[in-house]
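K.L.:
Have a look at this prediction, sequence included:
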Amino acid sequence: MKKILLFLLSIISVVFLFTGCQTSQKQKIVFLKNPQVLKNYELIPVGKVWKDPSADLRKYDKVMIDSIITSKKLKKSTLEKLNLGGLLGTDNKEFIEFVKYTKNAFERAVKKDKRLSLVDSPGPNTLILRLALVKVVPGKPLFGIIRNIPIPVGQASFIITPAAKLTGFAFNDVKGSVAIEGELIDSQTGKIVAMFADTRTETPSVINIRAMSTYGTPRKIVDGWAVLFVRALNRKPGSKLDAPPLFKLIEL
């Protein structure tokens, strides 16, 4: 029995390595100016990034989190728009709460760091982080069982795929995802010293507790970005930051 279980887990891992994707490198930029300067950077696991060559991010030991921008938006597919909040009429309220959660997540990450301090006004060695949530796709609790069973039936490879050619169904549209863009600004000069853009989809897993709530998986994505932001500010030149796992057995 143990051998069978280990075999199934091995198959699960292989399936998700080929079907699970967290970060998209094809994100359309809608908020950042001069998006053409953004490039893939293998040392930091985000979609695209740019840094002023003359800027030393480690000199900043204070961070100010600006208000989250939501006015710029990427289009959603029909399936991405479909969510429980929309059906119940609570989607707008839940989105506002998610925007607040995003700001709080970055503030918590900065507060936990030993080197950085969270401030609410500009000053010396202070970095302003300005974020734009350009696309937020809530999770689909009603689809939770199907999307989290990592076998051909769960992925519906031989059931849904033929229908997809007729209906345009995109399996990833069922999953919760977030697209974010950000600017790092010197608080005294107002100069942009770095920019980034990233899109992430919920981590494929066999059991995903967060997938059972509408904004559970988007919140997990934001938590990951917040931690990555702090790690990037503390990163030593030339060092590489680990990418998030492509698959988890259990996602809490």
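P.N.:
Received the coordinates, thanks. Numbering: from 1, shown residues only.
K.L.:
roughly how far apart are L131 and D52?
P.N.:
Distance, L131 to D52, by CB to CB, to the nearest Å: 18 Å. Bear in mind the C-beta positions are built from the backbone N, C-alpha and C, glycine included.
K.L.:
Which of these two has more residues huddled nearby?
P.N.:
Neighbour totals were compared for L131 and D52, and L131 leads with 24 against 15 (other CB atoms under 10 Å).
K.L.:
Now do that one against A179, distance only.
P.N.:
From L131 across to A179, the span is 11 Å (CB to CB).
K.L.:
And the strands in the stretch 101-250 of the chain?
P.N.:
Taking DSSP state E, counting those that start in this stretch as the test, the strands found in the stretch 101-250 of the chain are 117-118, 126-137, 177-186, 192-201, 205-208, 248-251.
K.L.:
And these: which comes nearest F98?
P.N.:
strand 126-137 (6.4 Å; CB to CB).
K.L.:
Remind me what the closest one packs against, helices and strands.
P.N.:
strand 62-65, helix 91-112, strand 177-186, helix 216-234 (3 or more CB pairs under 8 Å, 6 or more residues apart in numbering; DSSP states H and E).
K.L.:
right, so those: which one is the most enclosed?
P.N.:
Of all those, strand 177-186 carries the top mean neighbour count, a mean of 23, counting by mean count of other CB atoms under 10 Å.
K.L.:
Go ahead and name everything in contact with stretch 224-240.
P.N.:
Identification of contacts with stretch 224-240 by CB atoms under 8 Å, 6 or more residues apart in numbering yields 42-46, 57-58, 60, 63, 105-106, 108-110, 112-113, 115-116, 127, 129, 180, 198, 200, 241, 244.
K.L.:
could you redo the last one with a cut-off of 6 Å?
P.N.:
Residues outside stretch 224-240 that contact it (CB atoms under 6 Å, 6 or more residues apart in numbering) are L43, I44, L57, A105, F106, A109, D113, L241, P244.
K.L.:
remind me which residues of this structure are low pLDDT?
P.N.:
1-26, 79-90, 140-173, 204-212, 246-252 (pLDDT under 70).
K.L.:
Just give the closest residue to L133, not the sequence neighbours.
P.N.:
Once flanking residues are discounted, L133 sits nearest to T70: 5.4 Å by CB to CB, 6 or more residues apart in numbering.
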